[in-house]
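*Asks:* Okay, here's the prediction I keep looking at, along with the sequence it came from:
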Amino acid sequence: MSQPFSLAACAEMLWRDKPMAWRASRLNEMGFGVGLWNWPDHDLDALEKTGARFTIMNGYLEGRLADEEGAEILLASARKTAKVGKRLGVERLNLHGTGLGEGGIPVRPSETVTGEMWLKARETLDRICDLGEEEGVVFTLENLNLLDHPGCPFGRTADVLALVSAVDRPQLRINLDLYHTQIGEGDLLRWCRACLPFVGEIQVADNPGRCEPGTGEINYRRIALLLAEMGYRGPVGLEAFASGDAEDALEAFRTAFTL
């Protein structure tokens, strides 16, 4: 048996009765990298002391891709966040098509995305890459499903692939979230193949329920085999709730991606 991938888990969604530094330490002890969401929610000094490997964190706190005002807000927020990310050694800083509020609902929903918005989003992401190059950090753009995140522009897997491939710079990769792809589009194996040249991270959770592999309808064992066959050796992150005990959930995740 071998482990071809670098495994991590979102600390926000596990052991939710424990302090974040405790969660990061435990994930590190178990051999997992640590994913975070918004940095102001946490004690950065305590997180630094854990010695954990922080794999991904939201790369902004506010802003939007597709309008001038939102782009300026996004870039300022991303610049501040990049400095925090560098302090923690975060490997990837994650973006969405627009800022998300309570429950993941877009702060400014867009039911219709115009050609002008597409062009502005591409321009904004190119500027994000300039920032990434200047700061020495990598950003990712994540797909989201529109049932859970209605009105999120550029949320579909196809949209994210179109934007990242159009920008085509190493400072911007895809955070391919297969839980969202399953709900929004399905056809996971083909989307893995299509996105592979631009993938910075793959995130997983089973559906329905958004829990660990083996609790729903997705054949993550088959996906792991395909990724290995395609030569993917990058990070796979569990962004999921535990259906029961958190450590059991993590071991189920590890088993699904150990070949």
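*Replies:* Structure's in. What do you need? Predicted model only: the values in this text are computed from it and were never measured.
*Asks:* Isn't residue 247 up against residue 29?
*Replies:* No. Residue 247 lies out of contact with residue 29 (Cβ atoms under 8 Å); the separation is 10.4 Å. Yep, even glycine has a C-beta here, placed from its N, CA and C like the rest.
*Asks:* In stretch 156-171, which of the residues would be classed as buried?
*Replies:* 156, 157, 158, 159, 160, 161, 163, 164, 167, 171 (16 or more other Cβ atoms under 10 Å).
*Asks:* Now do the strands in the stretch 101-250 of the chain.
*Replies:* With strands called from DSSP state E, counting those that start in this stretch, the stretch 101-250 of the chain shows them at 139-142, 172-177, 199-204, 235-238.
*Asks:* what sits against the most centrally placed residue in the chain?
*Replies:* Residue closest to the mean C-alpha point of the chain, counted by Cα atoms, centre = their mean, is residue 175 at 4.7 Å. Counting by Cβ atoms under 8 Å, 6 or more residues apart in numbering, residue 175 makes contact with 56, 92, 94, 140, 141, 142, 143, 200, 201, 202, 203.
*Asks:* ok, so of those, who is nearest residue 220?
*Replies:* residue 202 (10.4 Å; Cβ to Cβ).
*Asks:* Name whatever forms a beta bridge with that closest one.
*Replies:* Beta-bridge partners recorded for residue 202 (DSSP bridges): residue 176, residue 236.
*Asks:* what number of residues lie near it?
*Replies:* Neighbour count for residue 202, taken as other Cβ atoms under 10 Å: 23.
*Asks:* cool, the one 4 residues further on as well?
*Replies:* Residue 206: 24 surrounding residues under other Cβ under 10 Å.
*Asks:* Now do the contacts for it.
*Replies:* Contacts of residue 206 (Cβ under 8 Å, 6+ apart): 179, 212, 213, 214, 215, 216, 217, 218, 220, 240.
*Asks:* 6 Å instead?
*Replies:* 213, 215, 216, 218 (Cβ atoms under 6 Å, 6 or more residues apart in numbering).
*Asks:* Most neighbours among the residues you listed, please name it.
*Replies:* Highest neighbour count within the contacts of residue 206, by other Cβ under 10 Å: residue 213, with 23 neighbours.
*Asks:* contacting residues for it?
*Replies:* Residue 213 touches 206, 220, 252, 253, 256, counting by Cβ under 6 Å, 6+ apart.
*Asks:* how about a cut-off of 10 Å?
*Replies:* 204-206, 219-221, 223-224, 238, 240, 249, 252-257 (Cβ atoms under 10 Å, 6 or more residues apart in numbering).
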